[in-house]
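J.: pasting the structure only:
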């Protein structure tokens, strides 16, 4: 379970990265997995930001009017993306052995929980969300 207040996805990412860091001594490939997830999440955040900017520009050019609600939504997306990027940059700058000081809570994540977190985060990706469409086509 994640505590409210902070970004839920970011908390799950912290928990998964913490799990990977704790188990790097057992399996050296987890170091690669950890770096891959950080890079993938950073890329996803960048892509989300670019899509928000593009959709805002498309709406402004097609309608010719300015909607305050759309700007606020885009601003919120930009703010959330920037906070995720800041989090990921802090993780990149932190050595894996020092990452344990950034734990989100005192509970440790076991293998089953890590698998569940990975499945949940993967389900949030665009391909997983549109998989049914691909199958029907």
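T.: It's in. This structure is a prediction, so every number in the text was calculated from the model and none was measured.

J.: and the helices in this structure, which stretches?
T.: Here the chain has its helices, by DSSP state H, at 8-22, 29-63, 68-93, 111-123, 126-129, 131-136.

J.: what comes up buried for the fourth one?
T.: By neighbour count, and taking 16 or more other CB atoms under 10 Å as the criterion, the buried residues in helix 111-123 are 114, 117, 121. Placement of C-beta: from N, CA and C, glycine included.

J.: ok, those vs residue 40, which is closest?
T.: residue 121 (9.6 Å; CB to CB).

J.: re the thing from before, please identify the most buried of the helices of the chain.
T.: Mean neighbour count (mean count of other CB atoms under 10 Å) peaks for helix 8-22 among the helices of the chain, with a mean of 20.

J.: next, the angle from that helix to helix 68-93.
T.: 10 degrees (axes from the mean of the first three to the mean of the last three CA atoms, to 10 degrees).

J.: give me the mean pLDDT for helix 8-22.
T.: Helix 8-22 shows a mean pLDDT of 86.

J.: repeat that for stretch 79-94.
T.: 83.

J.: residues in contact with it?
T.: 7, 9-10, 13-14, 17, 38, 41-42, 45-46, 48-49, 52, 99, 102 (CB atoms under 8 Å, 6 or more residues apart in numbering).

J.: ok, which pair from these is furthest apart?
T.: The largest distance within the contacts of stretch 79-94, taken as CB to CB, falls between 52 and 99 and amounts to 29.6 Å.

J.: mind checking how far the residue nearest to the spatial centre of the chain is from residue 121?
T.: Nearest to the geometric centre of the chain sits residue 41, at 4.7 Å (CA atoms, centre = their mean). In this view, residue 41 and residue 121 are 8 Å apart by CB to CB, to the nearest Å.

J.: I figured residue 18 hits residue 114, correct?
T.: No. If you go by CB atoms under 8 Å, residue 18 and residue 114 don't touch, sitting 9.5 Å apart.

J.: from what I see, residue 41 and residue 16 are in contact.
T.: No. Between residue 41 and residue 16 there is no contact, the gap being 9.9 Å when judged by CB under 8 Å.
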